[in-house]
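Q: Return atomic coordinates for the entry below.
(chains A, B, C and D)
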Number of protein chains: 2
Amino acid sequence: MSTPHAILIALLEKPSSGYDLARRFDRAIAYFWQATHQQIYRELGRMVDAGWVAVVEEDAAATRKKVYRVLPVGREEVARWVRETRLTGDDRNLLLLKLRADAVIGPLGLMEELRRMMDEARERLDTYRAIEQRDFGAASLTRGQQLQYAILKAGIRTQETWLEWAAELQAFFDEDGGQASE
Amino acid sequence: MSTPHAILIALLEKPSSGYDLARRFDRAIAYFWQATHQQIYRELGRMVDAGWVAVVEEDAAATRKKVYRVLPVGREEVARWVRETRLTGDDRNLLLLKLRADAVIGPLGLMEELRRMMDEARERLDTYRAIEQRDFGAASLTRGQQLQYAILKAGIRTQETWLEWAAELQAFFDEDGGQASE
DNA sequence: GTGCCCATGTAAGTGGTTACATGATTCA
DNA sequence: TGAATCATGTAACCACTTACATGGGCAC
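A: This next block holds a predicted model:
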């Protein structure tokens, strides 16, 4: 989805070359995000044009490596994106991305969004449980029904686990304040 | 990813019109898959050309509704896709899709694939836990570190939950046989 | 007869994927 | 000197998204 912002946030964490970004996007830190080097180079080019990032010239002489850093405008763009992009219950990796942004330039006030997403997740969980009661309450199920039940259970577990995790995060924000500073 | 096959499987479960498919893809059964009506109509058109599906003409007179059903060729295409598409640890919703196919026209022999995906998930979990020890073992963490830890925990929980679910499915297949019939 | 849902489509734009391409550095 | 890795890019294709468009049926 929001590849440019993912890149900006990665660059805020650590100024890097396109090549380094591509490797970082392959690794554990970015397990919830992927981008190929073609995307990265294209976006870097666009973001230079937009004035969000710039090449650090220092060591450009020695190697061909172009290290990019985020300019103030780019930083503000990240903050704007976090503020103005409304996430739905499905956008869990986008929430993780926002958390990464909050970790680097935060606090950005994510509590309300988290609460909204949790409400949505609870609703969905209720829906799934209702389906569970209605369709899979019977004592004996056919093979096909058992498999469909397994699919539903995958959804139920996912929601439950995410909600537990989200509740812990909420507790953290409660202690922390977690509000944007201005 | 594999929109045409998702549609084929939905049609195997129940012959439907494009409109009905679009609604079904919005609902709980397809919580792990989404497709807009434009995609659906396009794919239906292509699949008619390919001879995978056909319009049931019966009630075409009464309404404009075109109900599609899967032809034998399309059914074989689903089986082929399930057999030949190798999934990685990330392709959880594709596994769910394969399970749906297995529920309608199975058993298709998914045990080996499941085992492979579980191995991958365990490896990844080990990686995450190693990072956890290395980076977040300290007694006191900064705010930013705590948030990054939360992100990592989201990954850990996801893997753990999925693995538990997968183990149950594996147990089911073990009892069931679960092998493809030929 | 107005508004809403049913039902099917076209068109334009954008972003991601795959393939192609180049050249420098490093190590055996 | 040959292979692997570093490092950056272009081009073509394809899929998905968003917007636009049309018209029938039904209920108030």
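Q: make it CA atoms for all contacts and neighbour counts henceforth
A: Fine.
Q: Walk me through the domains of chain A.
A: A:3-88, A:111-176 (automatic domain parsing).
Q: If you average pLDDT over each of the ones you listed, which is lowest?
A: Sorting the domains of chain A by mean pLDDT places domain A:3-88 lowest, at a mean of 88.
Q: so, in contact with DNA strand C or not, it?
A: Yes - using Cα under 7 Å from any atom of the strand, domain A:3-88 reaches DNA strand C at A:3, A:35, A:36, A:38, A:39, A:63.
Q: who wins for most neighbours among the residues you listed?
A: Among the residues of domain A:3-88 next to DNA strand C, residue A:35 has the most neighbours (other Cα atoms under 10 Å in any protein chain shown), with 17 neighbours.
Q: would you say that residue is within a helix?
A: No - judged by DSSP: H, G, I helix; E, B strand; the rest coil, residue A:35 forms no part of a helix; its state is coil.
Q: Report the separation between the closest residue to residue A:67 other than its chain neighbours and residue A:2.
A: Counting by Cα to Cα, 6 or more residues apart in numbering or on different chains, residue A:17 is the residue found nearest to residue A:67 once chain neighbours are left out, at 4.2 Å. Using Cα to Cα, to the nearest Å, we find residue A:17 at a distance of 19 Å from residue A:2.
Q: So for these two, which residue has more residues nearby?
A: residue A:17 (21 against 9).
Q: Stretch A:151-159 near chain B at all?
A: Yes - judged by Cα under 8 Å from any Cα of the partner chain, stretch A:151-159 comes into contact with chain B through A:151, A:152, A:153, A:154, A:155, A:157, A:158.
Q: Pull up the gap between the fifth one and residue B:32, please.
A: When distance is defined by Cα to Cα, residue A:155 is 8 Å away from residue B:32.
Q: what's around residue A:49, how many residues?
A: Applying other Cα under 10 Å, we find 11 residues neighbouring residue A:49.
Q: Also residue A:173?
A: 18.
Q: Likewise for residue A:116?
A: When neighbours are defined as other Cα under 10 Å, residue A:116 has 15 of them.
Q: and the next element down the chain from whatever helix or strand it lives in?
A: Assigned by DSSP states H and E, residue A:116 belongs to helix A:111-136. Per DSSP H and E, the first helix or strand lying C-terminal to helix A:111-136 is helix A:143-176.
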